[in-house]
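Trainee: Below is the structure, and that's it, no one-letter string:
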């Protein structure tokens, strides 16, 4: 899902293994978190020794985040999203810290 779809809603068609098309859509106001799972009852694999009963169909959601935001986009998001819950640091606290820089890393290397 795009970040917009995860926050504002989505719908898409999923082709089931039996060829049927299932409309998958979020509930109004629902936020889908990255790496979350949802399930659809009675659309999964047949249950062992009960071929007419089906289990749950699980859907794994990934959310695509933008690589960067423009200053205008950042301001627009800050205007509508909740304020950060962390306490603001005072100038004195900041002055006592060593500033660092974060870098992208491939943890598998």
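Mentor: Structure received. Owing to the predicted nature of the structure, the values given are computational and were not obtained by experimental measurement.

Trainee: Okay, and the closest residue to residue 31 other than its chain neighbours sits in which element?
Mentor: In space, and not counting its chain neighbours, residue 31 is closest to residue 7: 5.8 Å by C-beta to C-beta, 6 or more residues apart in numbering. C-beta: built from backbone N, CA, C; applies to glycine. Using DSSP states H and E, residue 7 maps to helix 3-8.

Trainee: Which neighbours in the sheet does the next helix or strand after that helix have, and how are they oriented?
Mentor: Scanning forward in sequence from helix 3-8 by DSSP H and E, the next helix or strand is strand 11-15. Strand 11-15 pairs in its sheet with strand 21-25 (antiparallel), by DSSP bridges.

Trainee: quick one on the thing from earlier: now for the residue nearest to residue 31, how many residues are close by?
Mentor: Counted with other C-beta atoms under 10 Å, residues neighbouring residue 7 total 15.

Trainee: For the helix or strand of the chain at the bottom of the mean pLDDT ranking, which outside residues touch it?
Mentor: Least confident helix or strand, the chain: helix 91-95 with a mean of 81, by mean pLDDT, DSSP states H and E. Residues outside helix 91-95 that contact it (C-beta atoms under 8 Å, 6 or more residues apart in numbering): none.

Trainee: likewise stretch 57-72?
Mentor: 1-3, 6, 14, 16, 24, 32-40, 43-44, 77.

Trainee: Just the buried ones from these?
Mentor: Buried by 16 or more other C-beta atoms under 10 Å: 1, 6, 32, 43, 44, out of the contacts of stretch 57-72.

Trainee: May I ask which two of the residues you listed are separated the most?
Mentor: 6 and 44 (23.5 Å; C-beta to C-beta).

Trainee: quick one: which helix or strand includes residue 39?
Mentor: Per DSSP H and E: strand 36-40 holds residue 39.

Trainee: chain center to the longest helix anywhere in the chain, what's the gap?
Mentor: The residue-count maximum for a helix in the chain (DSSP state H) belongs to helix 71-80. The chain centroid and the centroid of helix 71-80 are separated by 19 Å, computed with C-alpha atoms, centre = their mean, to the nearest Å.

Trainee: Sounds good, over and out.
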